[in-house]
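Colleague: Got a predicted structure plus its sequence, pasted below:
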Amino acid sequence: MNPAPMVALVGNPNAGKSALFNALTGARQKVGNYPGVTVERKAGRMSLPDGRPIELIDLPGTYSLEPASPDEQVTRDVLFGKQDGERLPQAILCVVDATNLDNHLRFTLQLIALGLPVVVALNMVDMAERDGLKIDAAKLSKELGVPVIPTVAVRKRGVDDLKAAMDVLVGDGSARKIAAGPGFHHEDLVVLQRRARAIALAATTEEHGARKVSHRIDSIALHPIAGPILLFGLMFVVFQAVFAWAQPPMDAITAGFDWLGHWVETNFPNGFVRNLLAEGVIKGTGAVVTFLPQILILFFFILLLEATGYMVRAAFIMDRLMARVGLSGRAFIPLLSSFACAVPGIMATRTIDDPKDRLTTILIAPLTTCSARLPVYSMIITACIPDRQLAPYVGLRGVVFFGLFVFGIVSALLAALILRRTVTKGPSQGFMMEMPKYQMPSVRDVGLGLWTRALIFLKRAGTIILASNVILWVLASYPVAPAGRLQTEYSIAGRIASAIEVVVKPIGFNHHIALALPPAMAAREVAVSALATTYAIDAGDDTDAASSAVEPKIAKDWSLPTALAFLMWFVFAPQCLSTIAVTRRETNGWKWPAFMVSYLFVLAYVAAGATFWIATWAGL
Ligand SMILES: Nc1nc2c(ncn2[C@@H]2O[C@H](COP(=O)(O)OP(=O)(O)OP(=O)(O)O)[C@@H](O)[C@H]2O)c(=O)[nH]1
Ligand SMILES: [Mg+2]
């Protein structure tokens, strides 16, 4: 049997390719209202009206066929069948943004010139209508010489027509060969742009100036003074909300796990299984899962800001600052993704064309506050910072939390500044990013985004966090301590921790922290579950200590300087194996991950130590 014909989705960034891919295949690829969301090729299956299957490939957006950055290279390689073991696409589904026709058509003309069958999805016609633009698809089709189908990818409008057009296009299934490589010269591009503009003009039948909405919002959002104030204010509100709204659901989750732990303790016979379940599994994982509401609230806001198109404005505002430390403006989006997790953040650096710009961004990505740090920060803040209102709707905990995020950003910028003058020296480039249109966020996209985040988090809790914690529990429970000796000191893990303690004592760390640090290399949240578990082991059958909440134990056991030093450690330390692995993959070797791990550990040690000694000296 012949393999299903392959059709590649190609177009400028932010044209709606992934949204269309989702509409056609039922997949759940990430869509976002900024260029550079997709950085990898993703395949999916769709079927034509007669049931024949098509392999559809979603690709990173690109402005032309001359690749500038690694993600654009992916698109080019697929189009020319250059990827290993890859066949040539049978046809191209070119997605253009109806509100930005002349720019997008230039690339369409290049694609058509390749000689493969092309169908154009004239996407975002709803936005064009909103802007008072009317485009004659039939006329556009005549000018271009290929079928043009108006679509609204997010509402699945035009999908059936598109399938019908693709049916004709893939026809008998015999692939044509691409005639020549893209030998476009600069003059050609100018000619091409002129033709694109002429075609766009001819096909636009009506235009009345309603594009003012975006302009009016931007006159504030991009204002040199009002813009940064707005950005700062928005972020401030977000972090307040994380603490203000999350408490009731967090209490409910804690109560649920406490109930479960209690149930296990009363219904299982005393022994290995009961203790493993109660201390290692339920208290440990429970302590981490409790933070789900905070993570979801944070992402709710991030997703809203992404979907509306505001994030690119934020990038624009930050650009001056970023340029000063030698970062490319394009580094903003990867750094923003790093707030979720440094792994997709480092992958998103593929949109940066300059290799040294890209390397710098990879090296500082672990400094932005990823969501795995949130449970650690939140645990310490709840344990050590009183729940005080500084002003109506302004809580102290939210302010400290916000401060830690800002501190992460400032550290990343400082690190970039130093790296750019030493290890990754080179000229840096200015900002070049299209401003997307403002959009009302769709409930479905935001809901789906939250759902994905929740699944990622719960999956981590159920796999890597659970596994690390079970291993820790076993190592911390055996050999059983004789009467009078503390279990978490006598056990195997306890002895390893005592060795580590020698190194970390000078920066104020105690035995429990030394126990938690090695397993937290697997994932930062393990620091929380490990503390919950080791405190549970020490409490033994003491039912007063039965709650899985760790915060009261920390509040009782740790001095404030120790807690602050622990926080500082987590701002800097490269406590994450996946980040190291992805850095190795993206930089093709061990040199840069090794460098990254060393500089971050040194920074973590120095920062934690300085914090501890200054706090002690200040009498905290
Ligand atoms: N109103 C409207 N919005 C759309 C339409 N198609 C896509 N969008 C929105 O446009 C934005 C970009 O969509 P994506 O599918 O991520 O764009 P992309 O072409 O895959 O972008 P890259 O992966 O960055 O190249 C998202 O916010 C979508 O929700 C449409 O037809 N109408
Ligand atoms: Mg995409």
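Modeller: Ah, there it is. Ligands and ions are numbered 1, 2, ... in the order given.
Colleague: Now do stretch 246-266: everything it contacts.
Modeller: With contact meaning C-beta atoms under 8 Å, 6 or more residues apart in numbering, stretch 246-266 is reached by 274, 277-278, 282-283, 285-286, 289-294, 297, 546-549. Using the backbone N, CA and C atoms, a C-beta is placed for each residue, glycine as well.
Colleague: now do 10 Å
Modeller: 273-279, 281-287, 289-298, 378, 382, 387, 532, 536, 541, 543, 546-549 (C-beta atoms under 10 Å, 6 or more residues apart in numbering).
Colleague: what comes up buried for it?
Modeller: For stretch 246-266, burial by neighbour count (16 or more other C-beta atoms under 10 Å) applies to 246, 250, 253, 254, 257, 258, 260, 261, 264, 265.
Colleague: next one: stretch 452-461
Modeller: Those would be 453, 457, 460, 461, for stretch 452-461 by 16+ other C-beta under 10 Å.
Colleague: circling back: mind listing which of the contacts of stretch 246-266 are in helices?
Modeller: Judged by DSSP state H, the subset of the contacts of stretch 246-266 located in helices is 273-275, 284-287, 289, 292-298, 378, 382, 532, 536.
Colleague: for the closest residue in space to residue 25 that isn't next to it in sequence, which residues make a bridge with it?
Modeller: Leaving aside its chain neighbours, residue 25 sits nearest to residue 44 (3.5 Å; criterion: C-beta to C-beta, 6 or more residues apart in numbering). Counting by DSSP bridges, residue 44 is bridged to residue 56.
Colleague: residues from the stretch 1-150 of the chain in reach of ligand 1?
Modeller: 11, 13-19, 31-33, 35-38, 60-61, 123-124, 126-127 (C-beta under 6 Å from any ligand atom).
Colleague: what does the chain give?
Modeller: 11, 13-19, 31-33, 35-38, 60-61, 123-124, 126-127, 152-154, 307, 439, 445.
Colleague: quick one on the thing from earlier: now, which of the buried residues of stretch 452-461 sits nearest ligand 1?
Modeller: The closest of the buried residues of stretch 452-461 to ligand 1 turns out to be residue 453 (C-beta to the nearest ligand atom; 16.9 Å).
Colleague: and the closest one, which of the three is it?
Modeller: helix (DSSP: H, G, I helix; E, B strand; the rest coil).
Colleague: how about it, what does it touch?
Modeller: 292, 295, 296, 298, 299, 300, 302, 303, 340, 341, 371.
Colleague: of all the residues you listed, which two lie farthest apart?
Modeller: Greatest spatial distance among the contacts of residue 453 (C-beta to C-beta): 300 and 341, at 16.7 Å.
Colleague: ok, now how distant is the residue nearest in space to the middle of the chain from residue 419?
Modeller: Centroid-nearest residue in the chain: residue 337, 3.3 Å away (criterion: C-alpha atoms, centre = their mean). Separation of residue 337 from residue 419 (C-beta to C-beta, to the nearest Å): 20 Å.
Colleague: same question, residue 537
Modeller: 42 Å.
Colleague: Could you do residue 141 as well?
Modeller: Applying C-beta to C-beta, the value for residue 141 to residue 419 is 51 Å.
Colleague: between those two, who's got more neighbours?
Modeller: Just comparing residue 141 and residue 419: by other C-beta atoms under 10 Å the higher neighbour count belongs to residue 419, 22 against 18.
Colleague: Now do the same contact list for that one.
Modeller: Contact analysis of residue 419 by C-beta under 10 Å, 6+ apart lists 325, 326, 327, 356, 359, 360, 361, 363, 364, 425, 595, 599.
Colleague: could you redo the last one with a cut-off of 8 Å?
Modeller: Residue 419 touches 360, 363, 364, counting by C-beta under 8 Å, 6+ apart.
Colleague: helix or strand for the last one, which one?
Modeller: This points to residue 364. Using DSSP states H and E, residue 364 maps to helix 355-364.
Colleague: Show residues contacting that helix.
Modeller: Defining contact as C-beta under 8 Å, 6+ apart, one finds that helix 355-364 is touched by 70, 326-328, 330-331, 334-335, 346, 349-350, 352, 412-413, 415-416, 419-420, 423-426, 428-429, 583, 586-587, 592, 595-596, 599.
Colleague: Can you flag which of the residues you listed belong to helices?
Modeller: 70, 334-335, 346, 412-413, 415-416, 419-420, 583, 586-587, 592, 595-596, 599.
Colleague: Could you list which of those residues also contact ligand 2?
Modeller: Among the ones in helices among the contacts of helix 355-364, no residue lies close to ligand 2 (C-beta under 5 Å from the ion).
Colleague: Any quick PyMOL command for the buried ones out of those?
Modeller: This is how PyMOL selects the buried members of the ones in helices among the contacts of helix 355-364, with burial counted by 16+ other C-beta under 10 Å:
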select buried, resi 70+334+335+346+412+413+415+416+419+420+583+586+587+592+595+596+599
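Colleague: those strands in the protein, which residues are they?
Modeller: Along the chain, counting by DSSP state E, strands occupy 6-11, 42-47, 53-58, 91-97, 118-123, 133-135, 148-150, 204-207, 389-391, 394-395.
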